[in-house]
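In: Provide a 3D model corresponding to the input given below.
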Amino acid sequence: MARIMCALIATKNRLLRNTSHDLRTIHKRFVHMLGQKVSVCGHNIHYERVGTGKRTVLLLPGALGSTRTDFTPQLEGMDGERFTLIAWDPPGYGYSRPPERVFSNFHREDAKIAAQLMSTLGEHRYSVVGWSGGGTTALIIAAANLLNVQKVVVFGANAYVTAEDKRLMREIQDLNKWHPKARQAYADLYGADTFAKLWHSFVEYYCKLEDTCRADLKAIKQPTLILHGDLDPMVPMEHPMYLLDSISHSTLHRFPKGKHNIHQQYSEEFNKIVEKFLIQ
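Out: Presented below is the predicted three-dimensional model:
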């Protein structure tokens, strides 16, 4: 499997060097080469399985995220001999479409479907790694599946939503304020118009939230690693501190100059920290 993965990545890189190819077509072809689909709870779920290690890890993306927009540095950078990585596109995201996502209690719905996905794939003991909204989903999964989830890693996540959180989210509702490279990655995945519509719907729903998983935290007994970028423009420091205070077996690792995407910004350091935690 590792040899096949390397060959596929080499193919992708070769295609990217050929400017006669359309990059969006190449990306879709590459993801479909690696990904598979399975029916879970009535949803046609796209996922990738990378690596052959005995420690299985479920990767949970953030808002409108997918396997490759969110976790390419982990899928291509973590030790495939020690870990089996399973990344998914939540229902209505990425290649787990159609239909498009409807935003209503989606953290809990995603948690239920993700846990069932792992059962469907025959993975009954695994750790969860969640970014942003995927971190909230990871916490809910961990609380509800104590016998299945071994360890928890979350970053850019919160258990509740404050007025300040909503103000920060409103500031980036306008996609013109995004970094062009980040905006383009999602536009390539969804199409610019669809992405703009879904992002608007997500922000509107998010700004109506008050509590996402506060009551679940006391039920989490697994070792939990909370990572945080001190310069995160979307998640103030009070959120990782609240998680640290509320989850019994938790530790916090901070990236002093990190932003919201520390797993991409500092991918090598991030991967080493997470691997060490999962192996201990």
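In: Arg122: what secondary structure?
Out: Small correction: residue 122 is Gly, not Arg. The three-state assignment at Gly122 reads coil, by DSSP: H, G, I helix; E, B strand; the rest coil.
In: state the phi and psi torsions of Ile247.
Out: Dihedral pair for Ile247: phi -100, psi 120, per degrees, to the nearest 10.
In: again, but for Val153
Out: Torsion angles, degrees, to the nearest 10, at Val153: phi -130, psi 130.
In: ok, it touching Trp131?
Out: No. With contact defined as Cβ atoms under 8 Å, Val153 does not reach Trp131; the gap is 9.4 Å. Heads up, the C-betas are built off the backbone N, CA and C, glycines and all.
In: A strand includes Thr56, no?
Out: Yes. The assignment for Thr56, made by three-state DSSP, places it in a strand.
In: show me the contacts for it.
Out: Applying Cβ atoms under 8 Å, 6 or more residues apart in numbering, we find Thr56 in contact with 83-84, 86, 118, 123, 125-127.
In: so of the residues you listed, which ones are in strands?
Out: Members of the contacts of Thr56 lying in strands (criterion: DSSP state E): 83-84, 86, 126-127.
In: of all those residues, which comes closest to Gln173?
Out: Ile86 (31.4 Å; Cβ to Cβ).
In: was I right about that closest one contacting Glu48?
Out: Yes. Ile86 lies in contact with Glu48 (Cβ under 8 Å); the separation is 7.2 Å.
In: before we move on, back to that, how about the contacts of Thr56 in TSV, adding distance to Ser104, pLDDT and neighbour count?
Out: Formatted as TSV, the contacts of Thr56 follow (distance: Cβ to Cβ, whole Å; pLDDT from 0 to 100; neighbours: other Cβ atoms under 10 Å):
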residue	distance to Ser104	pLDDT	neighbour count
Phe83	33	98	22
Thr84	32	98	20
Ile86	26	98	22
Met118	23	98	23
Glu123	28	97	16
Arg125	31	98	12
Tyr126	27	98	20
Ser127	28	98	24
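In: and those, which two are furthest apart?
Out: Farthest pair in the contacts of Thr56, by Cβ to Cβ: Phe83 and Met118, 14.6 Å.
In: need the helices for the stretch 101-250 of the chain, in chain order.
Out: Using DSSP state H, counting those that start in this stretch, the helices of the stretch 101-250 of the chain run over 106-120, 133-144, 163-171, 180-190, 192-206, 238-246.
In: centre of the chain to the fifth one, how far?
Out: Helix 192-206 has its average C-alpha position 18 Å from the chain's average C-alpha position, going by Cα atoms, centre = their mean, to the nearest Å.
In: pLDDT of that helix, averaged?
Out: Regarding helix 192-206, the rounded mean pLDDT is 96.
In: tell me the angle of it relative to helix 133-144?
Out: 50 degrees (axes from the mean of the first three to the mean of the last three Cα atoms, to 10 degrees).
In: all further residue positions should be reported with the first residue as 285.
Out: Okay, using 285 as the starting number, the last item reads as helix 476-490.
In: which residues sit against helix 476-490?
Out: 347-348, 384-385, 387-388, 390, 445, 450, 453-454, 457, 459, 470-471, 473-474.
In: in that helix, which residues are buried?
Out: Within helix 476-490, the residues scored as buried using 16 or more other Cβ atoms under 10 Å are 479-480, 482-483, 486-487, 489-490.
In: on that earlier part again, what subset of the contacts of helix 476-490 is buried?
Out: For the contacts of helix 476-490, buried by 16+ other Cβ under 10 Å: 347-348, 385, 387, 390, 445, 450, 453, 459, 470-471, 473-474.
In: which of those residues lies closest to Thr356?
Out: Leu473 (12.4 Å).
In: what pLDDT does that closest one get?
Out: Reported pLDDT for Leu473: 95.
In: right, and the helices of the stretch 385-534 of the chain - which one's nearest His327?
Out: Closest to His327 of those, according to Cβ to Cβ: helix 390-404, at 6.2 Å.
In: buried residues in that closest one?
Out: By 16+ other Cβ under 10 Å, the buried positions in helix 390-404 come out as 390-395, 397-399, 401-402.
In: just the CA atoms of it, as PDB, please.
Out: Extracted C-alpha coordinates of helix 390-404, given in PDB (Å, rounded to 0.1, in the frame of the first residue of the first chain):
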ATOM      1  CA  PHE A 390     -24.400  19.000  12.000                       C
ATOM      2  CA  HIS A 391     -21.700  18.400  14.600                       C
ATOM      3  CA  ARG A 392     -23.700  15.600  16.300                       C
ATOM      4  CA  GLU A 393     -25.000  14.300  13.000                       C
ATOM      5  CA  ASP A 394     -21.400  14.100  11.700                       C
ATOM      6  CA  ALA A 395     -20.300  12.400  14.900                       C
ATOM      7  CA  LYS A 396     -22.900   9.700  14.500                       C
ATOM      8  CA  ILE A 397     -22.100   9.100  10.900                       C
ATOM      9  CA  ALA A 398     -18.300   9.200  11.400                       C
ATOM     10  CA  ALA A 399     -18.500   6.600  14.100                       C
ATOM     11  CA  GLN A 400     -20.700   4.400  11.900                       C
ATOM     12  CA  LEU A 401     -18.200   4.900   9.100                       C
ATOM     13  CA  MET A 402     -15.400   3.500  11.200                       C
ATOM     14  CA  SER A 403     -17.600   0.500  12.200                       C
ATOM     15  CA  THR A 404     -18.500  -0.100   8.600                       C
END
